[in-house]
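S.K.: quick one, fold the following:
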Amino acid sequence: MSLERADVQKIAHLARLAVSDTEAEALVKDLGNILDLVAQMDAVDTETVSPMAHPTDMAQRLRPDEVTETDQREAFQAHAPAVENGLFLVPKVIE
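M.R.: Purely as a prediction, here's the structure:
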């Protein structure tokens, strides 16, 4: 697919990017190469390829769901300036 400088300027405008004329010329070539690569990948026959959720297709090792830390809430809240019903109280910051 071929792009023109006007196409790049329009894309830059829609993306709210400031692109100079020299940058636009370079982007015409770069974006054209990217679109050519996408077209090349699109041409590959993938009918016999099954979809994958992950490329390694391995089961993840799981650890047992066990509590490993002790409850230290009271120790942490002992140093807090304000606590109520086990919750830290903080000043209101949004009006």
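S.K.: quickly note the distance from T46 to H54.
M.R.: Look at T46 and H54: by C-beta to C-beta, to the nearest Å, they are 17 Å apart. Just so you know, the C-beta spots here come from the backbone N, C-alpha and C atoms, and that holds for glycine as well.
S.K.: can you map out the strands along this protein?
M.R.: With strands called from DSSP state E, the chain shows them at 83-84, 87-88.
S.K.: so where do the helices sit in the chain?
M.R.: Taking DSSP state H to define them, one finds helices in the chain at 5-14, 21-42, 73-77.
S.K.: give me the residues contacting the shortest one.
M.R.: Contacts to helix 73-77, defined as C-beta atoms under 8 Å, 6 or more residues apart in numbering, come from residues V83, G86, F88.
S.K.: for A82, what are its contacts?
M.R.: For A82, the contacting residues are F88, L89, V90, by C-beta under 8 Å, 6+ apart.
S.K.: count of residues packed around the last one?
M.R.: By that I understand V90. The number of residues packed near V90 is 9, by other C-beta atoms under 10 Å.
S.K.: same deal with the first one?
M.R.: The local packing count at F88 equals 12, with neighbours defined by other C-beta under 10 Å.
S.K.: likewise V19?
M.R.: Using other C-beta under 10 Å, V19 is surrounded by 17 other residues.
S.K.: who's in contact with the closest residue to it other than its chain neighbours?
M.R.: Nearest residue to V19, sequence neighbours excluded (C-beta to C-beta, 6 or more residues apart in numbering): A12, at 4.1 Å. Taking C-beta under 8 Å, 6+ apart, we find A12 in contact with A18, V19, A24, L27.
S.K.: no further queries at this time; thank you.
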